[in-house]
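Q: no FASTA, just this:
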């Protein structure tokens, strides 16, 4: 980010909390939203960090988010449960659902909790990490509003439907994945528009469903895999839709109202999530699992790179490195967001 | 397949069973192997169909597969279990593990069973389908020997680590996904070699870890996503390794002996799998789930295609269409395999 001034995390967290509470969010819900935003901002995922504060404030103000949700959790079997999030701030719903999944997994070995009547939950890695920090392997999926074409399609169909996963590692920060099932997010298209630069090949489509390098002509995204292998990215997006939305009883992506519409209100989206926690103690064993993860990652990091000066890395490596840097130097915030936060 | 003669499924199944039993496989293990091979051959996935019979016979003869396995299943918690496959034919181990996962899910809402000391299990979709046919949503993962580079790597690291999933659909065959996390399998490289054709871009790397279009120079594969987004394919491969091998206590891909080595024997691979079954009745409800799947797929198939004469489709659509065709016309078998089967 050019023109970004760096701020300490604690200061940013306080400012975000104030803005959410000023928009009449429950303080405890606001705190979970701030926790998730700070997760993203600390690890360098600025697209899902404090930059989104204005979006959530708009949704609180306009009805895209319920300020006084009555969340209802129902355990449906020894290892499963459903959370009706009542359209509350989705970060609070998601941390809650993952906590329930972990509690189920402690008893049953694995726990799976779906969430329906939910809203935009930000970075799924936040909830995956929450479980990994307690020693669990976690899988976190959410659907989202249509933005990505099917392979061979000429309309947005699936959302960017991210896959997040965490796994504890001995002597290290967790292995942490958080990826969209499109090649790039639509925000990246907007960035290229503002920079006046051509898009990378095979990431976006024009109105007719044909690939375009012109960011101004780009209307929606291609699934991961591009023209030749986009059926794989589309299939992964479908996997996310089925597990997070159809199983949950939320709106499948193609019929979900858009994020922009939800921001204006008064109708919220009905987003679905699923949180799965696996207890390694019920498989290979907790210590053995974490030790084997460490060995696997040692082998990975010592694997020869194609370019001598660019070592290979595992999901999360760059994020944890950036987190160390930001802990020292502060978190860069763009001028608009800084102004919104009164900094 | 050029020069392929078509045979009825029952005839092929009988011939495969005979060859496996002649190689001293237990008849019940052989029957499960044949079931999985016929799944692939009937649905058109010839790479994992009866063509592999010689490979499994070699492994039985040379020690890559244990002819008299003592499989030990241990339930470890209300929703989890582990199967020590004792290096038996992996199709029998995998159907067994999925059956156990379904049994756990009937009681606990979800069931997860890992398999260790396993061997090459063929097409994961076979086991995903077995659960979907009983009304469960299934996830089936297996690691495999190193064949795919990391993003920015110059050596094979992960296996092609497929992701398979099934979901029941009202009035229809199940939604069925079975995909490698590389863009193409290495068999495709061999096919291009034999055809003397250049490879598609960004699917394979040469000895130095640089992309090549020359099939003769190709040494290993690129992860799904190619040069720019291969970190996503590599991350998905890592997800598969962690859940199917590290959690199970099998060999992680980078230290697994090769498929070719296992074929020569006497040492088997120690492959890992994981089978997860979700009971829709414990989430949105069985009928509601299957009906919503049907609606989702109706919307999908009516989504406008980029090319008017190429409709979009869902995972499994082409396979079920091919299955109908093959049920009528028979299954094409290449001359070498036909000869091996004594046809």
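A: All right, it came through fine. Quantities reported herein were computed from a predicted structural model and do not represent experimental measurements. Numbers count the residues shown, from 1 in each chain, chains lettered A, B, ... in the order given.
Q: does the residue nearest to residue A:38 when sequence neighbours are not counted belong to a helix, a strand or coil?
A: With sequence-adjacent residues excluded and distances taken as C-beta to C-beta, 6 or more residues apart in numbering or on different chains, residue A:38 is closest to residue A:13, at 5.3 Å. Glycine gets a C-beta too; all of them are placed from N, C-alpha and C. At residue A:13 the chain is in helix, as set by DSSP: H, G, I helix; E, B strand; the rest coil.
Q: helices or strands next to the helix or strand hosting residue A:194 in the packing?
A: Using DSSP states H and E, residue A:194 sits in helix A:186-195. Helices and strands touching helix A:186-195, by 3 or more C-beta pairs under 8 Å, 6 or more residues apart in numbering or on different chains; DSSP states H and E, are strand A:220-221.
Q: and the next helix or strand past the strand it packs on?
A: helix A:226-240.
Q: up against chain B, what does the stretch 1-150 of chain A have?
A: A:76-80, A:82, A:107-112, A:114, A:116, A:137, A:149-150 (C-beta under 8 Å from any C-beta of the partner chain).
Q: okay, now the closest residue to chain B within the stretch 101-250 of chain A: neighbour count?
A: Going by C-beta to the nearest C-beta, chain B is nearest to residue A:109 of the stretch 101-250 of chain A, at 3.0 Å. Counted with other C-beta atoms under 10 Å in any protein chain shown, residues neighbouring residue A:109 total 29.
Q: what are the buried residues along the longest helix seen in chain A?
A: Among the segments of chain A that qualify as a helix by DSSP state H, the longest is helix A:90-108. Within helix A:90-108, the residues that qualify as buried are A:90-102, A:104-106, A:108, counting by 16 or more other C-beta atoms under 10 Å in any protein chain shown.
Q: phi, psi of the residue of the stretch 101-250 of chain A closest to chain B?
A: In terms of degrees, to the nearest 10, the main-chain angles of residue A:109 are phi 90, psi -30.
Q: touching, it and residue A:279? I think so.
A: Yes. When contacts are counted by C-beta atoms under 8 Å, residue A:109 is listed as touching residue A:279 (5.4 Å).
Q: so which helix or strand takes in the closest residue to residue A:269 other than its chain neighbours?
A: Residue nearest to residue A:269 in three dimensions, not counting chain neighbours: residue A:262, with 4.7 Å by C-beta to C-beta, 6+ apart. Assigning secondary structure by DSSP H and E places residue A:262 in helix A:259-264.
Q: in that helix, what counts as buried?
A: A:259, A:262, A:263.
Q: so which elements touch the next helix or strand after it?
A: Proceeding N to C from helix A:259-264, the next assigned helix or strand is strand A:271-278, under DSSP H and E. Applying 3+ C-beta pairs under 8 Å, 6+ apart, one finds that strand A:271-278 contacts helix A:90-108, strand A:110-118, helix A:125-132, strand A:137-142.
Q: what are the buried residues along the second one?
A: Spelled out, it's strand A:110-118. Buried-residue list, strand A:110-118, by 16+ other C-beta under 10 Å: A:110, A:111, A:112, A:113, A:114, A:115, A:116, A:117, A:118.
Q: sheet-wise, list the partners of that strand with their directions.
A: Sheet pairing of strand A:110-118 (DSSP bridges) gives strand A:80-84 (parallel), strand A:271-278 (antiparallel).
Q: can you tell me the SS state at residue A:201?
A: Applying three-state DSSP: residue A:201 is coil.
Q: quick one: residues contacting it.
A: A:211, A:213, A:226 (C-beta atoms under 8 Å, 6 or more residues apart in numbering or on different chains).
Q: residue A:105 now?
A: So residue A:105 contacts A:79, A:111, A:136, A:277, A:278, A:279 (C-beta under 8 Å, 6+ apart).
Q: wait, the fourth one sits on residue A:137?
A: Meaning residue A:277. Yes. Between residue A:277 and residue A:137 there is a contact under C-beta under 8 Å: 7.3 Å.
Q: joint contacts of the two?
A: In contact with both residue A:277 and residue A:137: residue A:131, using C-beta under 8 Å, 6+ apart.
Q: these two: who's more crowded?
A: residue A:277 (33 against 28).
Q: now the common contact residues for residue A:109 and residue A:279.
A: B:77, B:80.
Q: which regions of the stretch 201-343 of chain A lie under the pLDDT threshold?
A: Judged against pLDDT under 70, the stretch 201-343 of chain A has no low-scoring part.
Q: quote the end-to-end distance of stretch A:279-295.
A: Taking C-alpha to C-alpha, to the nearest Å, stretch A:279-295 runs 19 Å from one end to the other.
Q: how much space separates the spatially closest residue to residue A:272 that is not a sequence neighbour from residue A:121?
A: Leaving aside its chain neighbours, residue A:272 sits nearest to residue A:250 (2.7 Å; criterion: C-beta to C-beta, 6+ apart). Computed with C-beta to C-beta, to the nearest Å, the distance linking residue A:250 and residue A:121 is 12 Å.
Q: same question for residue A:305.
A: Here residue A:305 is placed at a distance of 35 Å from residue A:121 (C-beta to C-beta).
Q: who has more neighbours out of these two?
A: Using other C-beta under 10 Å as the criterion, residue A:305 and residue A:121 rank with residue A:121 on top: 28 against 19.
Q: so the more buried one touches residue A:37, yeah?
A: No. Residue A:121 lies out of contact with residue A:37 (C-beta under 8 Å); the separation is 11.0 Å.
Q: now do the shared contacts for these two.
A: The contact lists of residue A:121 and residue A:37 share residue A:91, where a contact means C-beta under 8 Å, 6+ apart.
Q: let me see the contact set for residue A:252.
A: So residue A:252 contacts A:143, A:241, A:245, A:246, B:292, B:295, B:296, B:299 (C-beta under 8 Å, 6+ apart).
Q: can you tell me the closest non-neighbouring residue to it?
A: Residue A:252's closest residue in space is residue B:296 (C-beta to C-beta, 6+ apart), at 4.8 Å.
Q: and residue A:242, by the same measure?
A: Residue A:242 sits nearest to residue B:167 (C-beta to C-beta, 6+ apart), 5.3 Å away.
Q: tell me how far that neighbour lies from residue A:257.
A: Counting by C-beta to C-beta, the gap from residue B:167 to residue A:257 is 24 Å.
Q: please apply the same query to residue A:300.
A: Distance of residue A:300 to residue A:257, given as C-beta to C-beta: 41 Å.
Q: now residue A:307
A: 45 Å.
Q: looking at these two, which one has more neighbours?
A: residue A:257 (15 against 10).
Q: please look at the more buried one and residue A:265 and confirm they touch.
A: No. The criterion here is C-beta under 8 Å, and residue A:257 misses it with residue A:265 at 10.5 Å.
Q: who's in contact with residue A:169?
A: A:175, A:290, A:293, A:294, A:297.
Q: nearest residue to it in space, please, no chain neighbours.
A: Using C-beta to C-beta, 6+ apart, the nearest residue to residue A:169 is residue A:293, at 4.3 Å.
Q: what's near enough to touch that neighbour?
A: A:167, A:168, A:169, A:170, A:175, B:242, B:246.
Q: report the central residue of chain A.
A: Centrality entry for chain A: nearest residue to the mean C-alpha point is residue A:123, 2.5 Å, by C-alpha atoms, centre = their mean.
Q: how about it, secondary structure?
A: Going by three-state DSSP: residue A:123 is coil.
Q: distance of the residue nearest to residue A:272 from residue A:66?
A: 15 Å.
Q: with neighbour numbers in mind, choose between these two.
A: The neighbour comparison of residue A:250 against residue A:66 (other C-beta under 10 Å) goes to residue A:250, with 27 against 20.
Q: surely the more buried one touches residue A:141?
A: No. Using C-beta under 8 Å, residue A:250 is not in contact with residue A:141; the gap is 11.4 Å.
Q: list residues touching both of those two?
A: Any residue near both residue A:250 and residue A:141 by C-beta under 8 Å, 6+ apart counts here, and that gives A:244, A:273.
Q: re earlier: can you tell me which of the contacts of residue A:293 has the most neighbours?
A: For the contacts of residue A:293, neighbours tallied by other C-beta under 10 Å; top is residue A:167, 31 neighbours.
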